[in-house]
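Student: Sharing a model that was predicted from the sequence below.
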Amino acid sequence: MRKQIVAGNWKMNNDLAQTESLITALKNQAKTTDAEVMIAPTSTNLWAANNALKQSSIEVIAQNMHFAENGAYTGEVSASMLKSIGVNTVILGHSERREYFNETDELLAKKVDAALAKGMRVIFCFGEELADRKAGNEETIVGNQIKNALFHLGAAAFQNIVLAYEPVWAIGTGETASPEQAQDMHAFIRKTLADKYGNDIAETVSILYGGSVKPANAEEIFSKPDVDGGLIGGASLKAEDFFAIVNAF
Ligand code: PGA
């Protein structure tokens, strides 16, 4: 059985006081669920968030990390630093990191290696831009993003990898891929994995959808056979909406 996962990507939102109050609200909303629930606060608040959620099943995860262990990389945070405060999962390859911080497939491959070497779990994001989809190139783009950053890995590494398909044109735009578009792409992603690593591996990797998931559309998207959950941006900033999405399973 693949894990069902709903992860909230808070991006650069919420200072310490706001983080604490959103966590209090999340604890009040939380119900028993089979899905794994995660939140990714900004790096300055990971420690506080993790402490506040110690007794809870909500996992605190990071939005980014550097590939080096330590050294002269002003402003960056390493896998060991995250692990030292109890953060064991990191989002890598988000389209905002690719676009605004010039993160390439090659750089991302190094970050993935560094995270896995420290025993961390990676939520690896990728997705095509609107122009790619209009030109009918979405599968080529997505296939290459996956191959370039992940296909140097051995099969065992995929125990610690979650994939997140996030079409760039659907992130923060209010425009969502239709459940059919999501399913078609997720099936393609699973086939790409199966072609390289075999069906057994491909069937165990969770593939999340991200891009304007809301309480109103989560149920239909999550009902698709190859959609194993969601990476939620805007709607994860309100406890009620976030848990309405979690409960859509
Ligand atoms: P959104 O963001 O839900 O606000 O579209 C998704 C994401 O960037 O992970």
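Tutor: Thanks, I have it.
Student: going forward, measure contacts and count neighbours with C-alpha atoms only.
Tutor: Noted.
Student: List the backbone torsions phi and psi for the residue nearest to residue 66 when sequence neighbours are not counted.
Tutor: Leaving aside its chain neighbours, residue 66 sits nearest to residue 78 (5.1 Å; criterion: CA to CA, 6 or more residues apart in numbering). Reported as degrees, to the nearest 10, the phi and psi values for residue 78 are phi -100, psi 170.
Student: does the residue lying farthest from the centre of the chain count as helix, strand or coil?
Tutor: For the chain, the residue at maximal distance from the C-alpha centroid (CA atoms, centre = their mean) is residue 72, at 27.6 Å. Under DSSP: H, G, I helix; E, B strand; the rest coil, the three-state class of residue 72 is coil.
Student: Phi first, then psi, for it.
Tutor: phi -80, psi 70.
Student: Next one: it from the ligand, what distance?
Tutor: Taking CA to the nearest ligand atom, to the nearest Å as the measure, residue 72 falls 29 Å from the ligand.
Student: Same check on residue 4?
Tutor: 16 Å.
Student: Need the phi and psi values for that residue.
Tutor: Phi and psi for residue 4, reported as degrees, to the nearest 10, are phi -90, psi 130.
Student: OK, contacts around it?
Tutor: Going by CA atoms under 8 Å, 6 or more residues apart in numbering, residue 4 touches 34, 35, 36, 206, 228, 229.
Student: what's the pLDDT at it?
Tutor: At residue 4, the predicted lDDT confidence score is 97.
Student: Surely residue 209 is within a helix?
Tutor: No: with three-state DSSP as the criterion, residue 209 is assigned strand and is not in a helix.
Student: wait, it sits on residue 223?
Tutor: No: look at residue 209 against residue 223 with CA atoms under 8 Å: they stay out of range, at 11.7 Å.
Student: Show me which of those two is the more surrounded one.
Tutor: Between residue 209 and residue 223, counted using other CA atoms under 10 Å, the more crowded position is residue 209 (31 against 15).
Student: residues from the chain in reach of the ligand?
Tutor: The chain comes close to the ligand at residues 9, 170, 171, 172, 210, 211, 212, 213, 231, 232, 233, 234, as judged by CA under 6 Å from any ligand atom.
Student: Give me the phi and psi for the residue nearest to the second one when sequence neighbours are not counted.
Tutor: This means residue 170. Nearest non-adjacent residue to residue 170, counting by CA to CA, 6+ apart: residue 211, 4.6 Å away. Backbone torsions of residue 211, given as degrees, to the nearest 10, read phi 140, psi 90.
Student: Same check on residue 157?
Tutor: The phi/psi pair for residue 157 (degrees, to the nearest 10) is phi -60, psi -30.
Student: residues contacting it?
Tutor: Per CA under 8 Å, 6+ apart, neighbours of residue 157: residue 116.
Student: quick one: residue 180 from residue 207, how far?
Tutor: Distance from residue 180 to residue 207, counting by CA to CA, to the nearest Å: 15 Å.
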